[in-house]
Every structure is written in structure tokens, then in C-alpha cells.
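In: Fold the following, please.
(chains A and B)
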Amino acid sequence: MKRKVVSVLLCAAMVSAMMVGCGGGSAAPAEDASAEASEDASEEGGTITVGFSQVGAESDWRTANSESMKSTFSEENGYTLIFDDAQQKQENQITAIRNFVQQEVDYIVLAPVTETGWETVLQEAKDADIPVIIVDRMIDVSDDSLYTAWVGSNFKLEGQKACAWLQAYADAKEMDEINIVDIQGTIGASAQIGRTEAFDEAAQANGWNVVGQQTGEFTQAKGQEVMESMLKSNDNINVVYCENDNEAFGAIDAIEAAGKTVGPDGDILVMSFDTTNAGITDTLSGKIICNTECNPLHGPRVAEIIEKLEAGEEVEKQQYVDEGIFAYGSDVPEVEVDGEKFEVTEVTQEVIDGRAY
Amino acid sequence: MKNLKQKMTGNSFLLIITVVLFLIMYGAGMVIFADKGFAKPQMFLNLFISNAGLLVMSMGLTIVMIAGGIDISVGSVTALVCMVCAKQMEQNGASAYAAVLIAIAIGLAFGLVQGFLISYLDIQPFIITLAGLFFGRGMTAVVSKDMISITNKTFLAWANYKIYLPVGSYSKKGNFIPAYIYPTVIIAILIFIVIALIMKFTKFGRSVYAVGGNAQSAMMMGLNVKRIKLKAYLLDGFLAGIGGFLFCLNSCSGFVEQAKGMEMDAISSAVIGGTLLSGGVGTPFGTVFGVLIKGTITSLITTQGTLSSWWVRIVLSALLCFFIVLQSIFASLKKKG
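Out: Presented below is the predicted three-dimensional model:
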């Protein structure tokens, strides 16, 4: 019986090995044929293949980012998207990019897990003449020519818009003084650097009284902890500048636990960034008075770059996505940063329903 | 004939299944994704390029598993090696050669401490190496919480040195592109060959099989079981250090989250390659195919392009179950005689 099983399996092994052998042989001409076919297709304006290596699906923001890519690079729009989720691992992204190079995709889009360690694999893409577009986080490479363009958020501008809004709101409401706390993001993250820089400049320029400045590490728990300790040592705080929504949720909890109120008629105004769905819902109720967007919808801007490259045009190396500013009420219709005007959107249920994320 | 049959039901049969499975998977990929470049030699070589570090680590795992143990610290050792090498080269001006020594020293230190505790104090290897896993990851964060990019010239020259092979493929534009590998691949393959020879032809290698098969009877045969176990863990640590360095050559950076869960990839590669968790059975050759199968699944799913990459894990888990069930069937057949 055993002998039978063994011999059957051995036969199967031999047959499959032969099949593989044949498959390997016949694959070569097939590849040539399809290579010609795809070349013809691209000459006739056929589909453009884009390989996208995404960090993962760790947050709503990330999911919205992936969805934006998938809907932009759809077959109806003339693209074939090869999507790879790296599960937060850089080595998976490196493997995926190598795979894209062998597939000879037309463009590689990379949302890097880490800022470092891309030299080798991007050099391989460059050697294969495949343009690489970086989205979201920036990468740290010694040779700029390893990527064609970068698309992401302008964190400093986000901060400037929020600060301009606060000053305009204070003027409109005739607030006597601004005693403000800055709950910073994770120190060293690009979002923290940009938003804190804008805050520091605005506080100095407008003469705000900065009561405290400490990191909340972009988390709700730490945001709450920081706010609690700030409230214990100061009772004159009337504005909190949180560098993301999670910190804002923590800060609101801390304020309410201390017996104070948040909102336009309350004791303390809470400002925030990112406009996640939960965040903007709090803006609708006024708990978060002003929420500045960190737009995850990178797809259209990346597609714009690819269209330009297809037409043989030069593209700008650094490109920012458009980002809005959302507020409770309509006290401030627009803000001005460096001479440029930005419209402030008053949050209503329709605004929330109409958003893609 | 009876002799052959007995041999077939043992290690070699599991090995044949692994090899055949790999050939079928890769062959299917070549046929289905021929237009997506799967038939290119470079696609095959990429399996080695991307998994050179894992391959070396899996060799270490194979040895300790044959000896009846386990080591789940190798992913953390990798992270620590990457971080310390990156920090020493970037901030303290160490040379790339020194970094190699650092990597080996870290690996050996882990191997020595873990091996000593496991063999001489007779503590469960799982617990000891779990402690090693936490310690390694924790130390990595202590060394630096920041991401460190390696810019050392010698190091990058090693990492980016392409060795062209006399094979290649034509691109869609009709240019001939020679296939290439990196030095990491050659090192990994050399290490595999050396380990395979050690396990097959040296006294130490055969002792490891004996200890893993049945420690009691190995002792009665006059083998120094404790010392053999210690040596196995030392060798495993050494390989983890080298594997970590090869991984570092691939990623060129150090940061805390690096190589998380890699120990599990190494263990599953060894198991798929025919290594028994209970010890005594397994070959470095099989493990190579275990690694290749894991690489091929990743490759197939990335090339397919629309499946979620989490399917890699699902397929791997299915394969693991398949092989473990097979192993237990063979174990029970063996018992019956």
C-alpha cells in the first residue's frame, strides 16, 4: 500500500516536473508575443501600468489614501494598478518594487514605511528607466534623481492656516487674551515639525501667551495625560492647539474631567488637524472648534504628474495636495497666509456626508 | 526494495514533496504570468536577493530545530544588528568591516547566552529565546529610536555591487538586460553549502541529529548532549548575526520595527522544508526550498496585483498545516514500522 502511494506520488512529481520544463520552454515565445502586443497597445494609447506599494492599512487616513489610488488608477481611466500592501514592513516594499521592475510597469508609486534605506532598490528602478513617485512621507536619499516627484501634505501651511484662523476668530470674538497650549505630535515626525513651526511663529507674531508645549505623541492617551497636567498647573488656558485629532479627543476628555467646558461658548477652544471622520464630527458639535485637513486623496495629483510625464513635460519635484480648513460656525469666512486666501468651510452634516473619507 | 521504502517514508519523501511543490508553484507562475515577467531569470534571482538574510537565518533555525530546540529571537537579533551597525557606522565613524564584526559578535553573544541557559540550565528554549526576542527589540530602541540611514561608502558599495550573470532577458522595448545578483546572494549560498556539508559529513552534524532524535539514547551512546546543544545554538547565533547583516545590506537602514516577525518566517521555512519540530529530522537543502516557496508565494501575489498581500500569510498557514499533518502521518507510519 505504502509502495503504491509512493510510486503514485513519484509519478506525479515527474510529470509535473516535465510540465514545468515544457512550461518554461514555451513561456519565452509567449512573453515575446505579449511584449509586442503590449508595446502596440501603449503606442495606441493603451493602458498605463502603475505599481503602488502602500504602507499598510493601519488607519482610516491610510485606507482613504489607498482608495484614492485605486479609484484614480482604474481601468476606466486607462490604467492598470498593481497594488501591494506592505503590512508595515520595509523589506516587503523593497521586494514589491523589485517585482514591479521585473513586470516592467510604467510607473512606480511608493508610500514609504520608512524614510531611509531606499538607495539600492530605487537605483534598480532607475536603471530600468521606470519613474518613481513618492507619496505621503518623504524619503531620505543622497541622490535626488532616484525619484521623479514627491506628493504630500504641506504641514507647515496647515499650521499657518490654523493659526491664521485662530487670530481671525479671536479678533471677531474680541477675545482679550489668548492663553494657549500646544500638544505636539511625535517629535521628529514631519507633521509635528511643520505644525509646531507654524505655531511658534504665529504665537510670537501675534503675542499669544504660550502656557505650555509638550508632546502627546499623536495618541489619545498621551494627549489626555498632557492636558491633565497642564490644567493642574494653569487655570487660565483658553485655547488648545492639538497637532492631530487623537490628541484632541484626549484633551477634550481631560478638560471635561476637570469640570471645564469646551466649544465656542465654553471655557476652552480645542483646535485640531487631520479631519478624520470622528474629528470632523466633533467639529460639527463645536467640541473641536477648528479642524485643518490633512488630505489623503493623493490619487488625482499623482495621475496629473503621470499625464505630464507621458506628454514629455517636466514636473515639479515637490508637489502638495490641496487641503481645506473646517470650522464650527461662520465667524471666519476665510484666512490669509502669505498673501494667499483660503476659504474656511463651515461644517454641516452635508459637508461630512460629502467627504470621501 | 524494503530498504528503499523505509528511506522514502522518512526525510527524503517530505523533501521531495517540498521540491515538487516549489517547482509546480514556480512553473505555474511562469505559465500564468509569462506576460508579467515571471519567466525572466531575474525574477527567480530576486527570490534569493530579497531573502538572502532570511535564508541564512533559516539555516540556523534548521540546526537548532534538528537538535530539538527552537529560536524565536532571530528577528530581534536582526533589528539589533541593523541598528547597532547603522549607528556605529553613521555616528561613531566605524568602518564597514568593523560593522561585520559587530554583527557577528552580537549574534554569537545571543547564541552563547541562550545556548548556555538552554543546555546547561535545562530551560525551555522557547522561553529563553522569547526573552531574547524582547531583549533584542528593547535594546534596539535603547540604541536609537530614530531611523538611521546608512551612508557609509564601503557599505553602500557592497550593497549596490551588481554581479552580472551570463543570462538575461529582453525588455518590452527589446533591449537585452543581463540578470544580476548582489554579493549577499553569494554569501548566503556559500553558507548554505558549508552548513549542508557540516550537517551531513561532520561528527558535530551527525551528533545534532542524534541529540534531536533522542537525547536519552544519544547520551547513552556517549555524546556530550549539553555541549552539542550549546554548539548548535552558538552556530545558530552566528548565522543570525550574519543573516542580520545581509538583511541590513538589503535595507541599508536601522530602525526599531525592522524584521518584526522574521523569526516566524524562518521557522515556517524550515518546517515547510521538512524539518520536524520534535527534532532529529530536517535538511538545510529542504529549508532552502522552504524559503523559496515563501518567496514565490509573495512574488505570485504581488504579480497578480489585485489580491491583498495578506493572502501570503493565509497560503503560508495552509502550507504549514499541510506539512505538519504530513509529518505526523509519517511519524505514525514509522512507529508502526
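
In: Off-centre distance for stretch B:159-169?
Out: 23 Å (Cα atoms, centre = their mean, to the nearest Å).

In: So which bits of that stretch are buried?
Out: By 16 or more other Cβ atoms under 10 Å in any protein chain shown, the buried positions in stretch B:159-169 come out as B:159, B:160, B:168, B:169. Yep, even glycine has a C-beta here, placed from its N, CA and C like the rest.

In: I'd like the average pLDDT over that stretch.
Out: If you average the pLDDT over stretch B:159-169, you get 91.

In: Is there proximity between it and chain A?
Out: Yes. Judged by Cβ under 8 Å from any Cβ of the partner chain, stretch B:159-169 and chain A are in contact via B:159, B:160, B:169.

In: Get me the contact residues on the stretch 201-337 of chain B for chain A.
Out: Residues of the stretch 201-337 of chain B lying near chain A (Cβ under 8 Å from any Cβ): B:247, B:250-253, B:255, B:257-260, B:298-299, B:302-303, B:305-306, B:308-310, B:333.

In: Among the residues you listed, which ones are in helices?
Out: B:247, B:250, B:251, B:298, B:299, B:302, B:303, B:333 (DSSP state H).

In: The closest residue to the fourth one other than its chain neighbours and residue A:275, how far apart?
Out: Spatially, and ignoring its direct neighbours in sequence, residue B:298 is nearest to residue B:312 (5.2 Å; Cβ to Cβ, 6 or more residues apart in numbering or on different chains). The spacing between residue B:312 and residue A:275, counted by Cβ to Cβ, to the nearest Å, is 34 Å.

In: of the two, who's got more company?
Out: For residue B:312 versus residue A:275, neighbours defined as other Cβ atoms under 10 Å in any protein chain shown are more numerous around residue A:275 (27 against 21).

In: That one reaches residue A:327, doesn't it?
Out: No. Using Cβ atoms under 8 Å, residue A:275 makes no contact with residue A:327, being 10.8 Å away.

In: And residue A:307, what's its pLDDT?
Out: So, for residue A:307, pLDDT stands at 94.

In: could you measure it against chain B, distance?
Out: To chain B, residue A:307 is 21 Å away according to Cβ to the nearest Cβ, to the nearest Å.

In: Need phi/psi at that residue.
Out: phi -60, psi -40 (degrees, to the nearest 10).

In: Distance check, it against residue A:83.
Out: Distance from residue A:307 to residue A:83, counting by Cβ to Cβ: 20 Å.

In: The two: which is more packed in?
Out: residue A:83 (21 against 12).

In: circling back: what would the buried residues of stretch B:159-169 look like in TSV with secondary structure?
Out: Below are those laid out as TSV (DSSP: H, G, I helix; E, B strand; the rest coil):
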residue	secondary structure
B:159	helix
B:160	helix
B:168	strand
B:169	strand
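
In: From those residues, pick the one nearest residue B:186.
Out: Residue B:186 lies nearest to residue B:159 out of the buried residues of stretch B:159-169, by Cβ to Cβ, at 13.5 Å.

In: How much space separates residue A:279 from residue B:247?
Out: Counting by Cβ to Cβ, the gap from residue A:279 to residue B:247 is 38 Å.

In: Could you check which of the two is surrounded by more residues?
Out: Neighbour tally, residue A:279 and residue B:247, criterion other Cβ under 10 Å: the higher count belongs to residue B:247, 26 against 23.

In: which residues touch the more buried one?
Out: Applying Cβ atoms under 8 Å, 6 or more residues apart in numbering or on different chains, we find residue B:247 in contact with A:91, B:52, B:53, B:54, B:78, B:81, B:82, B:258, B:259, B:262.

In: can you confirm the second one is in a helix?
Out: Yes. Counting by three-state DSSP, residue B:52 is found in a helix.

In: Pull out the buried positions in stretch B:311-321.
Out: Those would be B:312, B:315, B:316, B:319, for stretch B:311-321 by 16+ other Cβ under 10 Å.

In: from those residues, which single one is nearest residue B:236?
Out: residue B:316 (22.1 Å).

In: Helices of chain A, start to end?
Out: According to DSSP H, chain A carries its helices in the segments A:2-43, A:60-72, A:90-103, A:119-127, A:155-173, A:190-206, A:220-233, A:245-257, A:277-285, A:299-310, A:349-353.

In: For the closest residue to chain B within the stretch 251-357 of chain A, which non-adjacent residue is spatially closest?
Out: Distances between the stretch 251-357 of chain A and chain B by Cβ to the nearest Cβ are smallest at residue A:310, namely 15.8 Å. Once flanking residues are discounted, residue A:310 sits nearest to residue A:48: 7.0 Å by Cβ to Cβ, 6+ apart.

In: How much space separates residue B:274 from chain A?
Out: As judged by Cβ to the nearest Cβ, residue B:274 and chain A stand 14 Å apart.

In: what's the neighbour count on that residue?
Out: Number of residues near residue B:274 (other Cβ under 10 Å) recorded here: 29.

In: so who does it touch?
Out: Listed by Cβ under 8 Å, 6+ apart, the contact set of residue B:274 reads B:11, B:14-15, B:17-18, B:281-283, B:286-287, B:290, B:323, B:327.

In: between those residues, which is closest to chain A?
Out: residue B:17 (7.5 Å).

In: what sits opposite the closest residue to chain A within the stretch 151-300 of chain B in the beta ladder?
Out: Using Cβ to the nearest Cβ, the single residue of the stretch 151-300 of chain B nearest to chain A is residue B:253, 3.3 Å away. For residue B:253, the beta-bridge partners under DSSP bridges are residue B:149.

In: show me what contacts it?
Out: Counting by Cβ under 8 Å, 6+ apart, the residues that residue B:253 touches are A:90, A:114, A:116, A:117, B:82, B:86, B:147, B:148, B:149, B:150.

In: right, and the second one touches residue A:91 too?
Out: No. Using Cβ under 8 Å, residue A:114 is not in contact with residue A:91, being 10.4 Å away.
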